[in-house]
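Novice: sequence and predicted structure below; questions after.
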Amino acid sequence: MKRYLVERVATLAFPNGSRVTLETGIQNYPDEVAAHWAFSAYAKPLDNPTEQQEQQGQQGEQGEDKSGKADKGKVDGKKQQATDK
């Protein structure tokens, strides 16, 4: 598990029907939760800052079409949801 700084409370819903509530502050979450499409909108990683910078650089290179719009993408074609509280 890695540590994250959660900035806002949110509930993430997963395709299998499970839900995870993100609480503000420094929290530990497994990779499965961090992989949720909306997770990065609420939490920032505290472990491996160099890995985080590399990922941000890759995101800037990937996920854009010719119009410059970001590709929203799907995780395994399954619907995931996130709600603010």
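Specialist: Structure's in. What do you need?
Novice: please count neighbours and contacts with C-alpha atoms only from this point.
Specialist: Noted.
Novice: give the bridge partners for the residue nearest to T24 when sequence neighbours are not counted, please.
Specialist: Excluding the flanking residues, the one nearest T24 by C-alpha to C-alpha, 6 or more residues apart in numbering is V6, at 4.7 Å. Counting by DSSP bridges, V6 forms beta bridges with G25, A43.
Novice: what's around V6, how many residues?
Specialist: 21 (other C-alpha atoms under 10 Å).
Novice: who's in contact with it?
Specialist: Counting by C-alpha atoms under 8 Å, 6 or more residues apart in numbering, V6 touches 22-27, 42-44.
Novice: by mean pLDDT, which helix or strand of the protein comes out lowest?
Specialist: helix 49-61 (a mean of 57; mean pLDDT, DSSP states H and E).
Novice: report the buried residues of the helix or strand that comes right after it.
Specialist: The helix or strand immediately downstream of helix 49-61 is strand 81-84, counting by DSSP states H and E. By neighbour count on 16 or more other C-alpha atoms under 10 Å, the buried set for strand 81-84 is A82.
Novice: what helices or strands is strand 81-84 leaning on?
Specialist: If you count contacts as 3 or more C-alpha pairs under 8 Å, 6 or more residues apart in numbering; DSSP states H and E, strand 81-84 packs onto strand 10-13.
Novice: CA atoms only for the strand it packs on - export them in CSV, please.
Specialist: Only the C-alpha atoms of strand 10-13 are listed here, as CSV (Å, rounded to 0.1, in the frame of the first residue of the first chain):
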residue,chain,number,x,y,z
ALA,A,10,-15.2,11.3,-2.0
THR,A,11,-16.8,7.9,-2.5
LEU,A,12,-15.4,5.8,-5.4
ALA,A,13,-17.7,3.1,-6.9
